[in-house]
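Got a predicted structure plus its sequence, pasted below:
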Amino acid sequence: MTDDPIRPGHSGGSGAGRPAGDSYDAVPYQSHAISDTDPDALATMGVLFGMRPAAVETCRVLELGCAGAGNLVAMALPLPRARFFGVDASPQQIEAGRALARRVGVENVALTAEDLQDLPPEFSEFDYIVCHGVYSWVEPAVQEKILEIFGRHLAPQGIGYLSYNAYPGSHLRAMAREMMRFHVRNIADPIESTAQARALLEFLKRFTQGRPGPYEKVLEYLSEHLVQEPDWYVFHEYLEEHNLPVYFSDMVARAEGHGLQYLAPARFIAWEHNLPPEIQQAFGQFSNRVVREQYLDFLCNRMFRRTLFCRGGLAIADRPRPEAVAGLQAVARARAVAPNPDVRSDREEEFRSPAQEGFATSRPLVKAALMVLAQQAPRAIPMAALWPMVAAKLEGAPDAAAGPEELGRALLDPHLSNAVALRTWSPPLVLSPGGRPAASPLARLQASREEPIVNLRHETVELSDLDEVVLPLLDGTRDRAGLREAVVAAVAAGKLGIEDKAGARLEDPEKIREVIASALEESLARLAAACLLTA
């Protein structure tokens, strides 16, 4: 069993409790969108556990340690009536965030360079407070201040998101961190110290190869992990002065000391809801869900957690409420593996997401719903509107008279397994490219900078080479002929290679135009399906 499938990382929390001009200015985080912090993701969790969270369209959001505001700006772009506030101790990163907001035309984001310790008590109430990639990397006094801000400034139905390094998994990383910090103790330059820290871990891994034992396996795992990570991550995760993991149960106790209670994980992880029978039986003895969650961490050796908190006086459910789903929307995350699945019988059919997470069901109601949602994707469909579409597929089947409420209850399990995403709100999407297609200005900028691309649902999306060339061109000024010529120019400039069916690179300009003419519509359709086009 693996650790949390979302890798530990930072949105850009830049040492919110530190003085400006420190290592976070010298080695800035890459500031990007974190999908779990999206207000709609937080609101959906709140609804499922019995809360009445603020409407996403008009909410107030605070991010502590916002860095270059890559997360906040991406949230704010499709929600012009909501208000977003970011605090970070680095003036350099705050100015970068303001420049980003101006560049993409976002006017509902306010950023301030301030130490968290200096936030005034009369600071506003917020519907959602986000603190990602900060808590474990600051001293204990600032950790307390973060929880104090949550306790003081969350609205009565507010939800707070907190990420942090967790035990027991972080014990493994701590071993490497301590050795690496010792190795670079006399190196002041962050770039050189990061290079030397990487070299030490690689040296230790080579020495232990062929010497079977736990030490060899740990070093091999850590070395493979760090090869995939950028220098800014390695520096701040392994070489900073502070890196203070915590057990989940202790984190909940700390939050309770500030008038908070555990609400839910920031997202459901499929394997946790599909445990083998013997594990389910063992976990059945845990009536306290905090204890159960702690044992899940033991089970998977979790290194990193994302946890939602709310005010302590609220009555919340111990588990997601099936009856709450009827008031939500659903969007497909998985498609049927079989080309023509049988939705009316009780034959089991498998559905699989792009992340290769599988979900199997034999219930006609669920199979039909998943088929309809896949056909309607990427639209999010409210349960009342979804039911007639599903009923049409179920005519004559046992579930034909189920109704929207039963449909909602039935879709909770696929949501827990990530075959369906439930939502309280959906952005306005353009799914049919017009004569002069326009794309999200943030996504266009990110594509031009070769940065991770974020769609209007606050999700990072993967694009083909052609799509990455087409996306920055979609500013609403070019018709199809203009787009074709711009792509041809990109090919001529060496930014894109065009191949024939045999895989040979095309050089003939006319043949290149022919290929682009036929491929352009497919590219625009993919960009629309990726929720990147705007009106």
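That came through fine. Because the structure is a prediction, the values reported are computed rather than measured.

CA atoms for contacts and neighbours, from now on please.
Noted.

Can you give me the neighbour number for P212?
Neighbours of P212 under the rule other Cα atoms under 10 Å: 9.

sec struct for it, please.
coil (DSSP: H, G, I helix; E, B strand; the rest coil).

Mind pulling up the pLDDT for it?
Looking at P212, its pLDDT stands at 85.

go on, the one 5 residues further on?
The pLDDT attached to K217 in the predicted structure is 89.

Walking through the stretch 1-150 of the chain, point out its strands one by one.
For the stretch 1-150 of the chain, applying DSSP state E, counting those that start in this stretch gives strands covering 60-64, 83-88, 109-113, 126-131.

what about A176, helix or strand, and which?
Assessed by DSSP states H and E, A176 sits inside helix 170-183.

E514 should be in a helix, yeah?
Yes: assessed by three-state DSSP, E514 belongs to a helix.

Next one: it from L524, what distance?
16 Å (Cα to Cα, to the nearest Å).

The two: who's more crowded?
L524 (23 against 11).

That one contacts G435, correct?
No: using Cα atoms under 8 Å, L524 is not in contact with G435, being 11.2 Å away.

Any buried residues in stretch 240-253, and which?
For stretch 240-253, burial by neighbour count (16 or more other Cα atoms under 10 Å) applies to 240, 242-248, 251-252.

One more: stretch 337-357?
Residues 341, 343-344, 349-353, 357 are the ones in stretch 337-357 that count as buried (16+ other Cα under 10 Å).

Adding secondary structure and distance to A439, write those residues out as JSON lines.
Formatted as JSON lines, the buried residues of stretch 337-357 follow (DSSP: H, G, I helix; E, B strand; the rest coil; distance: Cα to Cα, whole Å):
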{"residue": "P341", "secondary structure": "coil", "distance to A439": "35"}
{"residue": "V343", "secondary structure": "coil", "distance to A439": "36"}
{"residue": "R344", "secondary structure": "coil", "distance to A439": "40"}
{"residue": "E349", "secondary structure": "strand", "distance to A439": "36"}
{"residue": "E350", "secondary structure": "strand", "distance to A439": "34"}
{"residue": "F351", "secondary structure": "strand", "distance to A439": "30"}
{"residue": "R352", "secondary structure": "strand", "distance to A439": "28"}
{"residue": "S353", "secondary structure": "coil", "distance to A439": "25"}
{"residue": "E357", "secondary structure": "coil", "distance to A439": "29"}
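
out of everything not next to it in sequence, what's closest to R409?
Using Cα to Cα, 6 or more residues apart in numbering and skipping the chain neighbours, the partner closest in space to R409 is P322 (4.5 Å).

and the one you found, how far is that from Q294?
In terms of Cα to Cα, P322 sits 24 Å off from Q294.

can you check A486 too?
Applying Cα to Cα to A486 and Q294 gives a distance of 54 Å.

Then L162?
From L162 over to Q294 the distance is 16 Å, taken as Cα to Cα.

of the two, who's got more company?
Neighbour tally, L162 and Q294, criterion other Cα under 10 Å: the higher count belongs to L162, 24 against 17.

Pull out the buried residues from the helix or strand hosting the more buried one.
For L162, the enclosing helix or strand under DSSP H and E is strand 154-165. For strand 154-165, a neighbour-count test (16+ other Cα under 10 Å) marks 154-165 as buried.

could I get those as JSON lines with distance to P414?
Below are the buried residues of strand 154-165 laid out as JSON lines (distance: Cα to Cα, whole Å):
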{"residue": "L154", "distance to P414": "31"}
{"residue": "A155", "distance to P414": "31"}
{"residue": "P156", "distance to P414": "30"}
{"residue": "Q157", "distance to P414": "27"}
{"residue": "G158", "distance to P414": "27"}
{"residue": "I159", "distance to P414": "24"}
{"residue": "G160", "distance to P414": "25"}
{"residue": "Y161", "distance to P414": "24"}
{"residue": "L162", "distance to P414": "25"}
{"residue": "S163", "distance to P414": "25"}
{"residue": "Y164", "distance to P414": "27"}
{"residue": "N165", "distance to P414": "28"}
